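1. Fold the following and give me the result.
(chains A, B, C and D)
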There are 2 protein chains.
Amino acid sequence: MARELVRQGGRSARIQKEVHAATHALLARLDRSAITVPMIAEQAGVTPSTIYRRWGDLGSLLADVASETLRPVSDPDDTGSTAGDIEAFVLQYAEEMSSKVGRNLLRDVLSEAEDTAAAKCCRYTYDHLDTIAARASARGEAAVQQDLIIDRVIAPICYHILFGDREITADYCRDLLAALPATHRRPA
Amino acid sequence: MARELVRQGGRSARIQKEVHAATHALLARLDRSAITVPMIAEQAGVTPSTIYRRWGDLGSLLADVASETLRPVSDPDDTGSTAGDIEAFVLQYAEEMSSKVGRNLLRDVLSEAEDTAAAKCCRYTYDHLDTIAARASARGEAAVQQDLIIDRVIAPICYHILFGDREITADYCRDLLAALPATHRRPA
DNA sequence: ACTCTTAACGCAAAGGATTTGCATTAAGGT
DNA sequence: ACCTTAATGCAAATCCTTTGCGTTAAGAGT
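-> Okay, here's the model as predicted:
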């Protein structure tokens, strides 16, 4: 993970953007194992030593980029009901993460010893559930139990993606959702 | 992950053992990020190129060693009841995996693109549950639902270890177990 | 037991990646 | 506008990784 910079404006910010963009571009057309720091540096128009000094090594840079990629661009869909919001969010999460690129992003984020990137990604999930919970309370619906959704739905999805011991289908996700307490699921 | 060797006896086997042992020894006294292939090679008394040719890179070797380390040395404890067996197994799993070394092993195993090591580790868990299930059926107890234990207990434990968003305590594990269907838990 | 084939290894040179010292540039504060 | 120093660029030094070629020994066949 990148250390926090003291100077965040101008050149530093521009270089960070260039390096991230270069990494994306390379990830899009090359296998992860074929990508090197000097390659990224060249594509970004910086010297390798800049990347080494800011990010430490390739793994940290990839983790940083991955956690940035996984940052949600918008709030989860508002379907009108809490159960619907949760289902929509979970299905989208599962689809995104179980794809080949999603699995790679997950791996990059989780394989760093410094778990800043992992914490960031984890927070995105909690944030989405917060948003859904806020809507629920605005509608006067029962409170959303975040932890239960993480433990009973998100966690098994991640487990199977990482260990590769089963396919993540929409039906499987719906089964997980159906096993939640009644306040969190759609009426059957 | 190591490719499968055509010749498995004599020298090859000895070298594999030496390299694994050397990796263990280094892992025990150095930070993972400080370990290199040449270091392992020297400690094992082989040339680096041998390691590169057999394992490909450091990550694959570490994944191989980690999956070997995680191989269980014995069957799960027989506590006399299925619920007891499950609880004992889960608590031990959680303790082993949530420790610093356990977390590192998990990371090493999961960060490889080739998921042979991950599949191996995953299988160990299933095998243990199989053993517990066989005992249950020998005792005439209800069948153990493997998948349910993976999804509802093992998966959340792994999720929180990997993302670092909460401590894994014995109480937390027991809470997960208590939420299982009655046939899988201890009487309250 | 002996031979044969070739997988796996050791060695060393070549090719890259990573680190580091020093000069330069430019953020952010005065 | 000036000053301090964080962050970068450059290049040399170091270390890791790959590769060609000769050697060793595993496993099959006789």
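2. for DNA strand D, what are the nearby residues on chain A?
-> Among all residues of chain A, those adjacent to DNA strand D (criterion: CB under 7 Å from any atom of the strand) are A:5-7, A:11-12, A:15-16, A:45-47, A:49-50, A:53-54. For the C-beta atoms, the positions are set from N, CA and C on the backbone; glycine is no exception.
3. what do you get if the cut-off is 6 Å, keeping everything else the same?
-> For chain A, the residues in contact with DNA strand D under the definition CB under 6 Å from any atom of the strand are A:5, A:6, A:7, A:11, A:12, A:15, A:46, A:47, A:49, A:50, A:53, A:54.
4. can the longest helix along chain A be found next to chain B?
-> With DSSP state H setting the assignment, residue counts place helix A:116-139 as the longest helix in chain A. Yes: contact of helix A:116-139 with chain B (CB under 8 Å from any CB of the partner chain) involves A:118, A:119, A:121, A:122, A:126.
5. Just the buried ones from those residues?
-> Neighbour-count burial (16 or more other CB atoms under 10 Å in any protein chain shown) applied to the residues of helix A:116-139 next to chain B gives A:118, A:121, A:122, A:126.
6. Surely residue A:145 touches residue A:152?
-> No: Residue A:145 is not in contact with residue A:152 according to CB atoms under 8 Å; the separation is 9.4 Å.
7. Find me the pLDDT at residue A:24, would you?
-> At residue A:24 the predicted local distance difference test score is 98.
8. Not counting its own residues, what contacts the particular helix or strand that has it in it?
-> Under the criterion DSSP states H and E, the helix or strand holding residue A:24 is helix A:10-29. Contact with helix A:10-29 is made by A:2, A:5, A:35, A:39-41, A:43-46, A:50-51, A:54-55, A:61-62, A:64-65, A:68-69, as judged by CB atoms under 8 Å, 6 or more residues apart in numbering or on different chains.
9. after that helix, next one along is what?
-> Toward the C-terminal end, the helix or strand that comes next after helix A:10-29 (DSSP H and E) is helix A:37-44.
10. Figure out how far that following helix is from the centre of its chain.
-> Distance of helix A:37-44 from the chain centroid (CA atoms, centre = their mean, to the nearest Å) equals 24 Å.
11. Next: stretch A:161-169.
-> Here the centre of mass of C-alpha atoms in stretch A:161-169, compared against the chain's by CA atoms, centre = their mean, lies 17 Å away.
12. Would you mind measuring the gap between the ends of that stretch?
-> Counting by CA to CA, to the nearest Å, you get 11 Å between the two ends of stretch A:161-169.
13. does any part of that stretch sit near chain B?
-> Yes: applying CB under 8 Å from any CB, one finds that stretch A:161-169 is in contact with chain B at A:162, A:163, A:164, A:165.
14. quick revisit: in the residues of chain A next to DNA strand D, find the pair that's most separated.
-> With distance counted by CB to CB, no two of the residues of chain A next to DNA strand D lie farther apart than A:6 and A:47, which are 20.3 Å apart.
15. So for those two, which sits in the more crowded spot?
-> In this comparison of residue A:6 against residue A:47, neighbours counted by other CB atoms under 10 Å in any protein chain shown, the higher total goes to residue A:47 at 12 against 6.
16. Find the nearest non-adjacent residue to that one, please.
-> Among residues not flanking residue A:47 along the chain, residue A:41 sits closest, at 6.0 Å (CB to CB, 6 or more residues apart in numbering or on different chains).
17. Next up, phi/psi of the closest residue in space to residue A:33 that isn't next to it in sequence, please.
-> For residue A:33, the nearest residue in space outside its immediate sequence neighbours is residue B:113; the separation is 6.6 Å by CB to CB, 6+ apart. In terms of degrees, to the nearest 10, the main-chain angles of residue B:113 are phi -70, psi -50.
18. Fine by me, thanks again.
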